[in-house]
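Asks: Next comes the sequence, and after it the predicted model I'd like to discuss.
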Amino acid sequence: MELKINQQIKKFNVESLSVQSLLDLEIPNKQNGIAVAINNTVVPKSNWNQHFVHETDEILIISATQGG
C-alpha cells in the first residue's frame, strides 16, 4: 500500500491499515498530543481503530507543540 502522509509518499507491506495501526508504525512512541486528518477531515481519536486508510487518501499527522 502506498500512502501520502504529510506530503510524502510512503510504502507499507499491508493490504489494509487502520489509523491506529498506521500511527503505531509511523510514530510508536509519540502518540500523545497529535491529531490526524484524512482528506481534510479530522478523525477523532476514538475512531482511530475503526477508521481505515486507502491509497487515495491524503493523510496529515499534526503534533501539538508548546511555546509562547
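Replies: Received the coordinates, thanks. Numbering: from 1, shown residues only.

Asks: Helices along the protein, start to end?
Replies: With helices called from DSSP state H, the chain shows them at 19-26.

Asks: quick one: the strands in it?
Replies: Taking DSSP state E, the strands of the chain run over residues 2-5, 8-11, 17-18, 34-38, 41-43, 52-53, 58-63.

Asks: who touches residue 37 in this structure?
Replies: Listed by Cβ atoms under 8 Å, 6 or more residues apart in numbering, the contact partners of residue 37 are 43, 59-60, 62. Heads up, the C-betas are built off the backbone N, CA and C, glycines and all.

Asks: And residue 16, by the same measure?
Replies: Neighbouring residues of residue 16 by Cβ under 8 Å, 6+ apart: 1, 52.

Asks: Let me know the distance separating it from residue 38.
Replies: Taking Cβ to Cβ, to the nearest Å as the measure, residue 16 falls 14 Å from residue 38.

Asks: how long is stretch 46-60 end to end?
Replies: By Cα to Cα, to the nearest Å, the extent of stretch 46-60 from end to end equals 17 Å.

Asks: Check stretch 43-62 too.
Replies: Counting by Cα to Cα, the terminal residues of stretch 43-62 are separated by 12 Å.

Asks: Next: stretch 21-41.
Replies: Terminal-residue distance, stretch 21-41 (Cα to Cα): 18 Å.

Asks: Give me the mean pLDDT for it.
Replies: Computed over stretch 21-41, the mean pLDDT rounds to 93.

Asks: What residues of that stretch count as buried?
Replies: For stretch 21-41, burial by neighbour count (16 or more other Cβ atoms under 10 Å) applies to 21-23, 26, 31, 36, 38.

Asks: For the residues you listed, work out which two are farthest apart.
Replies: Across these, no pair lies farther apart than 31 and 38, at 16.3 Å, counting by Cβ to Cβ.

Asks: Could you double-check that residue 58 lies in contact with residue 9?
Replies: No - if you go by Cβ atoms under 8 Å, residue 58 and residue 9 don't touch, sitting 10.8 Å apart.

Asks: Please say which of these two ends up with more neighbours.
Replies: Counted by other Cβ atoms under 10 Å, residue 58 and residue 9 do not tie: residue 58 has more neighbours, with 14 against 8.
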